[in-house]
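Novice: Quick one: sequence and predicted model below, then my questions.
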Amino acid sequence: MNKDYLQIEVEKNYPGFQLVAEFTVSEGEFFSLVGPSGCGKTTLLRLISGLEQPDRGRIILDGWDVTAVSPADRKIGLVFQDYALFPHLTVAGNIEYGLKVRRLPVEQRRARVEELLALFEIEGLKNRNIQELSGGERQRVALARALAPQPCLLLMDEPFAALDYGIRRRLRRELRELQERLGFTTIFVTHQQEEALSLSARLAVMKNGRIMQIGTAAEVYCNPVHSFVAEFLGDANLIPCEVQSTDAGITITFDEATVFTMPGSKQKPGSYLLMIRPEDVMITDHTPLFTGELVTLEYLGHGYYLEVKTTNGLLLKMVTGKEEQELVKGRWLPLTFRSGAPKLIPIKAQVST
Ligand code: ATP
């Protein structure tokens, strides 16, 4: 597998906005760009597709410098949120379109269209007009059309955003299964953290035209290097603390009364944010790290969301399972962190955002 299949090093300037990005995507990888509205995801995708030109930098696709190559010649498939299907063509006509442009002989075109209709299980829709399709069916056709000419790279910009939650989840799973089976390299844009975490082999978290972190879903969720990444990807407690190193590991001080040790850990002494996810804060029968009053209690169906005001002035977010039956507001709770779960984010990493 070529680890540098797609190499991107670009800068793009608009009035009041600058995008600077540098990363590589491996051959056959499912890579997502995720971040809030306006962070530059679509601009980056448009640069890769050739719909926009970078002010500086270059884009290498499978060893080929495509920076100055027209979008049509880049061998890239595109899928957008609004499907962008041709309304005057049938389903088969839409899927065939890219093959006609590439002047494939008619027999080969027909065979490829049949193959894609079967792959997406839409054989029954073959002769339908686009207006006669549901949103989910349209997106299947859009995907089949993009994949028909066997592109080197598939770019998808919020493809499921217009669909209902149920169909979105189903299409997401289908897309991932198909991508794993056929191995097409994919860049997927979304502003939904859940979608990015569940789909991607790796993802880049973006903010204000910059990539804040790149990693696997587990890496960016469990080991964020920045408080923005921690909070964008889910609920997080971020607690200011001081770290000292000892022979056995490190000690973390929240205030004079609360000291937490992490044996075996190595970290430079200094000021940090301790990041702990709500699911890793636990009620304990042993010596608690914090004690606090339960001030918020929300039933989630599969458990409870809690906020606990600690004696040292923190508001800790946590979630518990259904088994916690005796939770009532005002109750005092002894709390600790799941072993190995807290992560330290250097305070210095927070500047410039
Ligand atoms: P969303 O999730 O809302 O689609 P995004 O992360 O995809 O957002 P972009 O569409 O890439 O963000 O836009 C990034 C910034 O660049 C925005 O501030 C936008 O206004 C600006 N921008 C995008 N295209 C142009 C353009 N052609 N001319 C000027 N500014 C632009």
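Specialist: Good, I have the coordinates. Everything numeric in this text was worked out from a predicted model, so none of it was measured.
Novice: State which one residue of the stretch 151-300 of the chain is found closest to the ligand.
Specialist: Using C-beta to the nearest ligand atom, His191 is the residue of the stretch 151-300 of the chain that sits closest to the ligand, at 4.7 Å. Where you see a C-beta, it was placed from the backbone N, CA and C, and this is true even at glycine.
Novice: so what's that residue up against?
Specialist: Contacts were defined as C-beta atoms under 8 Å, 6 or more residues apart in numbering; by that measure His191 touches Val34, Gly35, Pro36, Ser37, Lys41, Glu158.
Novice: could you flag which of the residues you listed are buried?
Specialist: Among the contacts of His191, those classed as buried by neighbour count (16 or more other C-beta atoms under 10 Å) are Val34, Gly35, Lys41, Glu158.
Novice: Might you report the residue contacts of the third one?
Specialist: Same thing as Lys41. By C-beta under 8 Å, 6+ apart, the contact list for Lys41 reads Leu33, Val34, Gly35, Asp157, Val189, Thr190, His191, Met206.
Novice: Go again with 7 Å.
Specialist: Leu33, Gly35, Val189, Met206 (C-beta atoms under 7 Å, 6 or more residues apart in numbering).
Novice: now, which of those residues sits nearest Lys309?
Specialist: If you rank the contacts of Lys41 by distance to Lys309 using C-beta to C-beta, Gly35 comes first, at 32.0 Å.
Novice: ok, that closest one touching Lys207?
Specialist: Yes: proximity of Gly35 to Lys207 meets the contact threshold set by C-beta atoms under 7 Å, at 5.7 Å.
Novice: Now do Trp77 against Ile187, distance only.
Specialist: In this structure residue 77 is Gly, not Trp. When distance is defined by C-beta to C-beta, to the nearest Å, Gly77 is 11 Å away from Ile187.
Novice: Where does the residue minimising distance to the centre of the chain fall, secondary structure wise?
Specialist: Compute the mean C-alpha point of the chain, and by C-alpha atoms, centre = their mean the closest residue is Ala196, 2.6 Å away. Taking DSSP states H and E as the definition, Ala196 sits inside helix 193-199.
Novice: does that helix come close to the ligand?
Specialist: No: for a cut-off given as C-beta under 6 Å from any ligand atom, helix 193-199 has no contacts with the ligand; the smallest distance is 12.3 Å.
Novice: Nothing else from me, thank you.
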